[in-house]
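Visitor: Okay, predicted coordinates and the sequence, questions at the end:
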Amino acid sequence: MRNTASEVSKIYQSIDAQISEFQKVTGLGCREGCGNCCRSPEVQATVLELLPLAQAIYESGRVDEVLDKLDTLESHICVFFDSQSEWRGRCTIYDTRPLLCRQFGFAAQRRKGNELVLSTCSVIKTLFPDVAARAEAVIAEHGTIENGALPPIWGDAMMSLYVLSPDLARERHPINRAIRLAVEKWGLVEMLGGSAL
Ligand code: SF4
């Protein structure tokens with residue numbers, strides 16, 4: 001399980017590097033301290049995407065604290081969203097956040113005929129239309145992934161995770177349920193000696 005979590009983290013590093021390069025070329029970025037996407041009750045993740053987070057929670061001894069918080073939640077908003085924070089879009093587990101949270105606003109989608117188009121968020125499109133247009137143009141000019149300066153592509157990034165553990169990547173859950181399932185799975189596998197994955 002630790003190996004799988006480590007492979008997921010490596011894929012995240014590569015996605016982050018790709019997004020960072022794309023941001024440098026295009027200037028695309030979030031509004032400072034935005035966090036708008038985290039307020040959506042529709043954030044979803046697979047258990048696989050949350051293994052690095054589950055590992056971090058276990059290793060920092062925060063299991064009971066996190067499960068207690070999940071038990072007493074009164075909204076569908078992610079348990080790790082801090083509306084008071086000004087840091088990293090108000091995400092308190094930024095380094096281990098799942099794939100959707102990494103790519104949201106900074107990815108491409110494949111259309112018919114393999115055409116790539118920018119998939120960004122409504123806040124960016126509304127506040128920074130020129131930057132979004134430049135990012136769209138960069139994607140349109142390059143057209144294929146081999147030419148670099150492209151953001152990650154939704155289905156491809158998901159598939160690179162899926163092959164690590166199809167069982168844990170098959171089902172997407174609302175974010176708080178996915179967090180609970182990942183923490184419980186980590187605890188169970190650790191109890192069994194860490195190899196039951
Ligand atoms: S994991 Fe972080 S980025 Fe994702 S919804 Fe929760 S607070 Fe937001």
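Guide: Nice, I can see it.
Visitor: Near the ligand, which residues of this structure? Just list them.
Guide: The chain comes close to the ligand at residues 38, 43, 78, 80, 81, 91, 93, 97, 101, 175, as judged by Cβ under 6 Å from any ligand atom. Glycine gets a C-beta too; all of them are placed from N, C-alpha and C.
Visitor: Give me the nearest residue to the fifth one, chain neighbours excluded.
Guide: This points to residue 81. In space, and not counting its chain neighbours, residue 81 is closest to residue 38: 4.3 Å by Cβ to Cβ, 6 or more residues apart in numbering.
Visitor: was I right about that neighbour contacting residue 92?
Guide: No: judged on Cβ atoms under 8 Å, residue 38 makes no contact with residue 92 at a distance of 10.2 Å.
Visitor: higher neighbour count, those two?
Guide: Neighbour count, other Cβ atoms under 10 Å: between residue 38 and residue 92, residue 38 has more, with 20 against 13.
Visitor: Give me the pLDDT for the more buried one.
Guide: Note on residue 38: pLDDT of 88.
Visitor: Can you name the residues that contact it?
Guide: Residue 38 sits next to 77, 78, 81, 89, 90, 91, 101 when contact means Cβ atoms under 8 Å, 6 or more residues apart in numbering.
Visitor: got TSV for these, with neighbour count, secondary structure and pLDDT too?
Guide: TSV is the format used below for these (neighbours: other Cβ atoms under 10 Å; DSSP: H, G, I helix; E, B strand; the rest coil; pLDDT from 0 to 100):
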residue	neighbour count	secondary structure	pLDDT
77	17	coil	90
78	28	coil	93
81	19	strand	92
89	22	helix	62
90	20	helix	84
91	19	strand	89
101	21	helix	93
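Visitor: what's the burial count for residue 20?
Guide: For residue 20, using other Cβ under 10 Å, the count is 11.
Visitor: all strands of this structure, in order?
Guide: 44-45, 107-110, 116-119, 173-174 (DSSP state E).
Visitor: so what strands line up beside the first one?
Guide: With DSSP bridges as the criterion, the sheet partners recorded for strand 44-45 are strand 173-174 (antiparallel).
Visitor: Report the rounded mean pLDDT for the strand it pairs with.
Guide: Strand 173-174 comes out at a mean pLDDT of 96.
Visitor: residues in contact with it?
Guide: With Cβ under 8 Å, 6+ apart as the contact definition, strand 173-174 has outside contacts at 41, 42, 43, 44, 45, 46, 47, 76, 181.
Visitor: Ok, stretch 42-54 next?
Guide: Outside stretch 42-54, the residues touching it (Cβ under 8 Å, 6+ apart) are 1, 4-5, 8-9, 12, 37, 78, 93, 96-101, 161-162, 164-165, 168-175, 178-179, 181-183, 185-186.
Visitor: Stretch 119-138 too?
Guide: With Cβ under 8 Å, 6+ apart as the contact definition, stretch 119-138 has outside contacts at 22, 25-31, 34, 36-37, 104-109, 117-118, 149-151, 154.
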